[in-house]
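**Q** Need the 3D shape of this:
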Amino acid sequence: MNNREKGTLLWAVFSIDKSEQGSTLDRVDYKNIRKFEKVVKGQTLLSFIPDEKGLVRLADIEDYKGRNVVISDDNISISSEIDGYAYKSNDRIHVDDVYHVLGDVGYETGNIRFDGPVIINGDVLSGFRVEAEGDVEIGGNVGAAEVYSQSGSITVNNGIVGLGRAKLLASKNIYCGFIQDANVGARGDIEVKKYIFNSEISSGGYIIVKEDEGVVRGGSLFARSTIEANVIGSENQIHTEIQVSDHSANPLLAEMDKAREELEDAINTHKRFIKQEEFLLLLKSRLKNLSPEKLIELEQLKNRKELVLVKQEKIEKRLAEIKAEALGKSNDEKVKIINFLYPGVKFIINGIELYSDEKYSKVSVVFTEDKIEFR
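**A** Model (predicted):
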C-alpha cells in the first residue's frame, strides 16, 4: 500500500535513512546518512493527512512507531514520550536520551552526531567520526577514526589502532585498553591498561599505564599532574618524550616560557643584524665608497645591535629571577616508573630537560629546586 492510499505522511522532524533514498542511493553520502533532532516530551514527530475518504488506519501509523513515542488518540500523529533526540531507523521513528549502536559505526550507521551519551557495542571503523555531547562508550576498537566528547568522558574497552590518523578528544577523562599510532587528548585524566605505542597523548590531569604490560614506547606524553607506567622506553632506544608541566598551578612557569621565547627572539635578531653588518662591511671593502644610504644603514645596524644586546641581558636577568622563584617552590615526584626505564627517553619537567642515559629499575623522576633528577 503506498502513501497515497494510506494518506499523506508529514514529518515534523527531519531524519534521513538509506532505505528512503530510493533510486538515489548512488548519490548518498553513506558516512552522513543519519541525523538527530532534539525534541521534548509531547512534541509531535509526524502526522498523517487522512486520505480522500477522511480515514487513517491504525495499522498504517503503527508501522512508524518506534521507541519512546506514542500514537495520538485520533490515530493521526506520533509524539515523543520523553525529552531526547529523535531519529528514524528502518522506517520507524525513535526517541532516545542515549544513542545506542548495537554493532559497529561504519557504513550502516554513518557518522554519529548526538547531543547526549553514545554507547557503541562494536568498533568505530576507520574513516568514520563519532561526536557526542555526553559520554562515549565503545565496546570494541577504534580504527583510524575520530571520537569526540564535548562534555563527557570516552571509554574504549579494547583499544585504538590509529594508523597515525586516529584522534580522540574528551572534555573529561579517557579510559582505554591500549593506544597505538593515535592522537589522544583529555582535559581530565587518561588511564590505559596495556600500552601506549607511538602516540601523541595529552592530559590535563594524570596519565597512568600500569595494568598488564603498562608500557610506554615511542611518541610523546604530556600531563599537568603526574605520569606513571610500568615501563618507559625500549632496549632499541626508540625516541620517547615524557613531559609534565602545570603552568596553571604556577603562573611563573608560563612567564618563564615567555621569557625564554623572548630571549631566543633577541638572540636571533642579534645574529641577523651581525650578518647584515658583515655584508655591508664586505661591500665597503670592495668599493671605494659606500652610498650615503648604505653608510646610514651601517650606523643604524651598530646601534640596533647594542640595543638588542641590552635587551638580551635584561631578559637573561629576569629569566634567572623567575627560575629561582618558580623552580624553588616544587619538590615532588612527577614521573614514576614501576619496573624499567630505558636509555634515550627525554623528560621535560616544568621546562627543564633530562635524558635517561642508562637502564633504571624502579625509578622516579623528581622535580626539585632548579633541576630534575632520577631517584
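
**Q** Whichever helix or strand Val365 is part of: what's the following helix or strand?
**A** Assigned by DSSP states H and E, Val365 belongs to strand 360-368. Per DSSP H and E, the first helix or strand lying C-terminal to strand 360-368 is strand 371-374.

**Q** For that following strand, which helices and strands make contact with it?
**A** Strand 371-374 sits against strand 352-355, strand 360-368, with contacts defined as 3 or more C-beta pairs under 8 Å, 6 or more residues apart in numbering; DSSP states H and E. Heads up, the C-betas are built off the backbone N, CA and C, glycines and all.

**Q** hmm, 6 Å instead?
**A** Strand 371-374 is packed against no helix or strand, with contacts defined by 3 or more C-beta pairs under 6 Å, 6 or more residues apart in numbering; DSSP states H and E.

**Q** Quickly note the distance from the residue lying closest to Ser77 once chain neighbours are set aside to Ile61.
**A** Spatial nearest neighbour of Ser77, chain neighbours left out: Ser47 (4.1 Å); criterion: C-beta to C-beta, 6 or more residues apart in numbering. Relative to Ile61, Ser47 is positioned 9 Å away (C-beta to C-beta, to the nearest Å).

**Q** Please apply the same query to Thr8.
**A** Using C-beta to C-beta, we find Thr8 at a distance of 12 Å from Ile61.

**Q** related to what we said a few turns ago, any buried residues in the strand or helix carrying the residue nearest to Ser77, and which?
**A** Counting by DSSP H and E, the element that carries Ser47 is strand 44-49. Using 16 or more other C-beta atoms under 10 Å as the test for burial, strand 44-49 gives Thr44, Leu45, Leu46, Ser47, Phe48.

**Q** sorry, back to before: which strand residues bridge the residue nearest to Ser77?
**A** Per DSSP bridges, residues listed as beta-bridge partners of Ser47: Leu10, Ser77.

**Q** neighbours of the closest residue to Val40 other than its chain neighbours, just the number please.
**A** Spatial nearest neighbour of Val40, chain neighbours left out: Asp83 (5.1 Å); criterion: C-beta to C-beta, 6+ apart. Residues lying near Asp83 (other C-beta atoms under 10 Å) number 14.

**Q** Helices of the stretch 1-150 of the chain, residue ranges please.
**A** Counting by DSSP state H, counting those that start in this stretch, the segments of the stretch 1-150 of the chain that form helices are 3-6, 58-62.

**Q** how's the chain carved up into domains?
**A** Following automatic domain parsing, the chain resolves into domains at 3-96, 99-244, 251-327.

**Q** where do the helices sit along the stretch 251-375 of the chain?
**A** 251-286, 292-327.

**Q** who wins for proximity to Asp212 among the ones you listed?
**A** Checking the helices of the stretch 251-375 of the chain against Asp212 by C-beta to C-beta gives helix 251-286 as the closest, at 34.1 Å.

**Q** No further queries at this time; thank you.
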